[in-house]
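Undergrad: Turn this into a structure:
(chains A, B and C)
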Amino acid sequence: MAHSGKKTILLVLRHCPYGSSLAKASVDIALATAAFNQAIDLLFLGDGVLQLMPDQDSRALGMKNVGRQLASLPLYDINHVYVDAEAVTRYSVDLSKAPVATRALDQEQLHRLMVGYDHLLGL
Amino acid sequence: MILHTLNASPSSAAFDDCVGVVRSGDAVVLMGDGVYAALAGTKAWSEMQARGAQVYLLGCDATAAGVTEFAGGATFIDMDGFVALTERYPRQQAWY
Amino acid sequence: MIYSLLVLSSPVSGQGSRTAAEFARSVLARGHSIRRVFFLDAGTLASSGISVFAQDETDPVHLWVALAEQHAVELVICISSALKYGMLDQAEANRHERPGPTINPVFAVAGLGQLVDACAHSDRLITFGG
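TA: This is a model prediction of the structure:
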């Protein structure tokens, strides 16, 4: 990139890991953004929290393991990962076993989080 | 302040997720199948209104859907109006 | 202001791709500039040089092509999505030994770096999905 433009980005992830191509695309976006030294944080919201299920094994589908890809995020300095507390409760996702460390937020906190970014990418 | 665009019907997860996050001071543009959230007298419209945000209907999509006569109180905008909203709101969240 | 668009909506299903193209046109009409339109996932189908739309319906591909031809709007399709959808420029068609090209030449095929660049240098990043 020619100029050192910097904007803060929140990737808002709302889809299940394997039923659509968006989960994989969003991990690719996160990694590409980090590779270019731009700040990016992640928010898993609604069905998106299911990307954090432990023990994903996609081998029989011949698809990339979304959980394992998420586990690599800290290696790229992506350390701010937030999650929709209500959806986590609704789906009984055990965050202590999730592939990446997260901070759970209620809906008020979610809004406060989102207004703190220059750009929101909804996938 | 967030500009929300909703492009899915009121029975979708996108509608529920959107309504959960919208707060007063935000704006919502209903487009595509999202226009049905503006139907007066429906639970969807009550839920949307209750968030306290300004709600807009993308005119061409509302007209296509036949929603114009039944819209509960959302403001009709054309594409120029949609762009004008994005000038005022620094960030947009797409719900679909 | 400088705008960039992220388009995930398929031109074949729903109004999203058409709405995004009309939005882009209005952005320019209001005096703003567009750094880039980045197409991802099913959005890459907007680049098709081989799709045939009914004569009595709007051709969404044509709306995008017109923006490029009339206003020099930069249209980029994400390479990994494009390949899966069969949207190949000549280089990719040769590389993967497929018939091609299948895309309209006003579209460029590139990686996610172009999306990152768009985010970094735009005042507004507008996403169209569904």
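Undergrad: for the one residue sitting closest to the centre of chain A, which residues make a bridge with it?
TA: In chain A, the C-alpha closest to the average C-alpha coordinate belongs to A:L42, at a distance of 4.1 Å (CA atoms, centre = their mean). Taking DSSP bridges, one finds A:L11, A:V81 as the beta-bridge partners of A:L42.
Undergrad: What distance do you get for it to chain B?
TA: Plainly put, A:L42 is 14 Å away from chain B if you go by CB to the nearest CB, to the nearest Å. In short, each C-beta sits where N, CA and C put it, glycine included.
Undergrad: what does C:T44 give?
TA: Summarising the geometry, the distance separating C:T44 from chain B, computed by CB to the nearest CB, is 17 Å.
Undergrad: Now do the SS call for that residue.
TA: Reducing the assignment at C:T44 to three states with DSSP: H, G, I helix; E, B strand; the rest coil gives helix.
Undergrad: Please apply the same query to A:Y18.
TA: coil.
Undergrad: In this model A:M63 seems to touch it, though I could be wrong.
TA: Yes. In this structure, A:Y18 sits in contact with A:M63. The criterion is CB atoms under 8 Å, and the distance is 6.2 Å.
Undergrad: The two: who's more crowded?
TA: For A:Y18 against A:M63, the residue with the higher neighbour count under other CB atoms under 10 Å in any protein chain shown is A:Y18, and the figures read 17 against 13.
Undergrad: ok, the residue of chain C found nearest chain B - how many residues close by?
TA: When distances are taken as CB to the nearest CB, chain C reaches nearest to chain B at C:G130, 2.6 Å away. Using other CB under 10 Å, C:G130 is surrounded by 24 other residues.
Undergrad: got it, and B:G41?
TA: The local packing of B:G41 (other CB under 10 Å) involves 9 other residues.
Undergrad: Let me see the backbone angles for it.
TA: In this entry, B:G41 is assigned phi and psi values of phi 80, psi 0 (degrees, to the nearest 10).
Undergrad: That one: what's it in contact with?
TA: Neighbouring residues of B:G41 by CB atoms under 8 Å, 6 or more residues apart in numbering or on different chains: B:G72.
Undergrad: Could you measure from the residue positioned nearest the centre of chain B over to B:V22?
TA: Taking CA atoms, centre = their mean as the criterion, B:L30 is the residue nearest the geometric centre of chain B, at 2.9 Å. From B:L30 over to B:V22 the distance is 12 Å, taken as CB to CB, to the nearest Å.
Undergrad: so where's the longest helix in chain C?
TA: Looking only at chain C and at elements set by DSSP state H, the helix with the highest residue count is helix C:16-29.
Undergrad: May I see the buried residues of that one?
TA: C:16-28 (16 or more other CB atoms under 10 Å in any protein chain shown).
Undergrad: and chain C, which residues reach chain B?
TA: Contacts of chain C with chain B, taken as CB under 8 Å from any CB of the partner chain, map to C:1, C:3, C:8-9, C:14-16, C:19, C:22-23, C:25-27, C:29-30, C:32, C:124-130.
Undergrad: residue boundaries of the helices in chain B?
TA: B:13-21, B:43-50, B:59-65, B:79-88.
Undergrad: who wins for proximity to chain C among these?
TA: Evaluated with CB to the nearest CB, these place helix B:79-88 nearest to chain C, the distance being 4.3 Å.
Undergrad: So for the residue located most distally from the centre of chain C, what's the pLDDT?
TA: Residue farthest from the centre of chain C, counting by CA atoms, centre = their mean, is C:E97 at 23.7 Å. pLDDT for C:E97: 97.
Undergrad: Sticking with it, tell me its helix or strand.
TA: For C:E97, there is no helix or strand it lies in under DSSP states H and E.
Undergrad: list the contacts for residue 48?
TA: By default, I'm working from chain A. Under the criterion of CB under 8 Å, 6+ apart, the neighbours of A:G48 are A:12-16, A:23, A:84, A:87.
Undergrad: ah, no, chain C please
TA: C:S48 is in contact with C:11, C:61, C:87, C:102-104, counting by CB under 8 Å, 6+ apart.
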